[in-house]
Each structure stands twice: as C-alpha cells, then as structure tokens.
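S.K.: Got a predicted structure plus its sequence, pasted below:
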Amino acid sequence: MEWVFPNTMLDLLFELIPGMLMMTPPIHTVLLVDDNPDDCEIMKEAWEEIPVGQELRCVYDGTELLDYLYRRGLFLTRECAPRPSVILLDLNMPHMTGGEVLTEIKKDPSLACIPIVVLTTSKAPKDICHTAWMGVNGYMQKPNSYAGYLQMFTNLREHWGEILIQPLAGIGGDGSANVAWC
C-alpha cells in the first residue's frame, strides 16, 4: 500500500524553499568611508529622511576603515564596529586611497564578501573599470545636491537585491563583473 499525503508539511516546505532562498537580507549597518566632513553631514541628513537600513556609520579614511573592519583602536567591540551590510567607499582619500583599501579588503576572505559600492566624484572610465575588475558591487557618482542624496538612498534601497547578487570579478578576474549602477 502506497501512502500519498497531498499538501503535507513536506510538500509545503518544498514549495516555500525556493521563495525563502530568494529573500534579500535586510540592510543593517551602512558604513560610509569619506574624508569630506561636509559629504558625511549631508548623507546623515538625507539618511534621516530616507533611512536605508538600521544605522549609518561613518569613518573618514581608509586606515580608519580597516581599523573598523578588524576591530582595532577605537573600534574594539562589536558595539563600536558592527559588521557592515554594505560599505560606501570614496576613492579619493588621504592615507590610503579607496583602491588601496579595496585591494586589502578583497585579499581577506572574511571581508571580501561585504558588498562595496564606490561613491565618488570620479566618472572616469578607468576608475569605473578598475573598481569593477576589483570586484565592487556598484558604482555611484556623488550627487551634487541634497535631493540627489535622497535619490541615491532611494536607489540603494530599490537596487539592494541587485547589488547583493552582482558577480564579483575579484583580483585577477577578467573584469567581466556586471556592476550595479545606482
């Protein structure tokens, strides 16, 4: 005798699993890396109107970013430095450029999976291609108005799923990453 149980829990589970696998994780901590205090302030103000995640944190250069990620110096505890859901990375910074920091992050398997979106004034094709080759998940030109920052956060929220699934070219990759343009 064969037992057939239509609509059993197992059947229901098999129906739900594909949908559960497609769920996009929420954005918790957005970490902005920018040496310009004015840009950081305007981003904080725009965040108040359009929060993309639970919190926006700011560090001001590449060395401070690495201290944050490795929990060194001022960032010793998880409360001081929660793992970011995404890093918004400026390219032109003192001490370490965004490209140098990106190289360091991508070399460390424990950090390489953190989505990174370049947020810079540069629209130079060489910067866009180079960072795509290095495995960023997105590239945005810094807005030149407050309304532009509001739109940037709206775009980040709307394209979050795309940003997460972008194939990374990685160091030594072929540069074929399909970077999300926000």
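M.R.: Yes, it's here. Numbering: from 1, shown residues only.

S.K.: Identify the residues contacting the helix or strand hosting Thr63?
M.R.: Secondary structure from DSSP states H and E places Thr63 in helix 62-70. Outside helix 62-70, the residues within contact range by CB atoms under 8 Å, 6 or more residues apart in numbering are 31, 33, 57, 59, 72-75, 81, 87, 89, 93, 95-98, 100-101, 104-105, 111, 114. All C-beta atoms are positioned from the backbone trio N, CA, C, and that covers glycine.

S.K.: And stretch 38-57, by the same measure?
M.R.: For stretch 38-57, the surrounding residues in contact (CB under 8 Å, 6+ apart) are 26-32, 34, 58, 60, 68, 82, 84-86, 90, 142, 146, 149-150, 152-154, 156-157, 160.

S.K.: Mind checking which of these are in strands?
M.R.: Mapping these onto strands (DSSP state E) picks out Thr29, Val30, Leu31, Leu32, Cys58, Val86.

S.K.: Next, give me the two most distant ones among those.
M.R.: Farthest-apart pair in those is Cys58 and Val86; separation 13.5 Å (CB to CB).

S.K.: Same drill for those two, tell me which one is more crowded.
M.R.: Shown here are Cys58 and Val86; by other CB atoms under 10 Å, Val86 has more neighbours (23 against 18).

S.K.: Against which helices or strands is the host helix or strand of Leu88 packed?
M.R.: In this structure, Leu88 sits in strand 86-89 according to DSSP H and E. Judged by 3 or more CB pairs under 8 Å, 6 or more residues apart in numbering; DSSP states H and E, the packing partners of strand 86-89 are strand 29-33, helix 98-107, strand 116-120.

S.K.: Quick check: which of those is buried the most?
M.R.: strand 116-120 (a mean of 25; mean count of other CB atoms under 10 Å).

S.K.: Report the angle between it and helix 98-107.
M.R.: Strand 116-120 and helix 98-107 are oriented at 180 degrees to each other (axes from the mean of the first three to the mean of the last three CA atoms, to 10 degrees).

S.K.: which other helices and strands contact the following helix or strand past strand 116-120?
M.R.: Following strand 116-120 in sequence order, the next helix or strand is helix 125-134 (DSSP H and E). Under the contact criterion of 3+ CB pairs under 8 Å, 6+ apart, helix 125-134 touches helix 98-107, strand 116-120, strand 138-141.
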